[in-house]
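A.B. asks: Kindly generate the corresponding structure for this input.
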Amino acid sequence: MEESGIKEQVLREIREIAEKYGVKKVILFGSRARGDFRRTSDIDLAVSGGDFARFALDVDEETSTLLMFDIVDFDRDMQEELREAIQSEGKVLYEKV
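C.D. replies: Numbers count the residues shown, from 1 in each chain. Take a look at the predicted model:
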């Protein structure tokens, strides 16, 4: 997923944390999913299932990047525009089989 500008090591760490907390799906969205990001753009993630709070905390504190994360709980109410953007431009980083 080099087109997102996120190092493979960071993607691997996100997947490991998702598995650790029983997350069902992690979706990358926003500028990094669209490919129009800047070097310092944050990493937007939508998360479904599992322990959202602990996942978000660990991703923020334990991944080997200085980039900021913006993590939303896809299972909760959100603005319809945001939900549509995640569904249309999102790229699945992790999905529990």
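
A.B. asks: quick one: the closest residue in space to Met68 that isn't next to it in sequence from Asp70, how far?
C.D. replies: For Met68, ignoring the flanking residues on the chain, the nearest one in space by C-beta to C-beta, 6 or more residues apart in numbering is Asp42 at 4.3 Å. The C-beta positions use only the backbone N, C-alpha and C, and glycine is treated the same way. Noted for Asp42: a distance of 5 Å to Asp70, by C-beta to C-beta, to the nearest Å.

A.B. asks: any idea how far Lys25 is from the residue lying farthest from the centre of the chain?
C.D. replies: Farthest-out residue of the chain from its mean C-alpha position, per C-alpha atoms, centre = their mean: Glu80, at 18.4 Å. Look at Glu80 and Lys25: by C-beta to C-beta, they are 19 Å apart.

A.B. asks: swap in Ala85?
C.D. replies: Taking C-beta to C-beta, one finds Ala85 at 16 Å from Lys25.

A.B. asks: So in terms of bridging, what pairs with Lys91?
C.D. replies: Note on Lys91: beta-bridge partners by DSSP bridges are Leu28.

A.B. asks: Looking at it now. What's its pLDDT?
C.D. replies: On pLDDT, Lys91 comes in at 97.

A.B. asks: in terms of contact, does it touch Lys25 like I think?
C.D. replies: No - counting by C-beta atoms under 8 Å, Lys91 sits too far from Lys25 to count as a contact (11.4 Å).

A.B. asks: Looking at these two now, which is surrounded by more residues?
C.D. replies: Lys25 (18 against 15; other C-beta atoms under 10 Å).

A.B. asks: residues contacting the closest residue to Ala18 other than its chain neighbours?
C.D. replies: Excluding the flanking residues, the one nearest Ala18 by C-beta to C-beta, 6+ apart is Tyr94, at 4.5 Å. Counting by C-beta atoms under 8 Å, 6 or more residues apart in numbering, Tyr94 touches 14-15, 18-19, 23, 25-26.

A.B. asks: Now do the strands in this protein.
C.D. replies: 25-29, 43-48, 69-73, 91-95 (DSSP state E).
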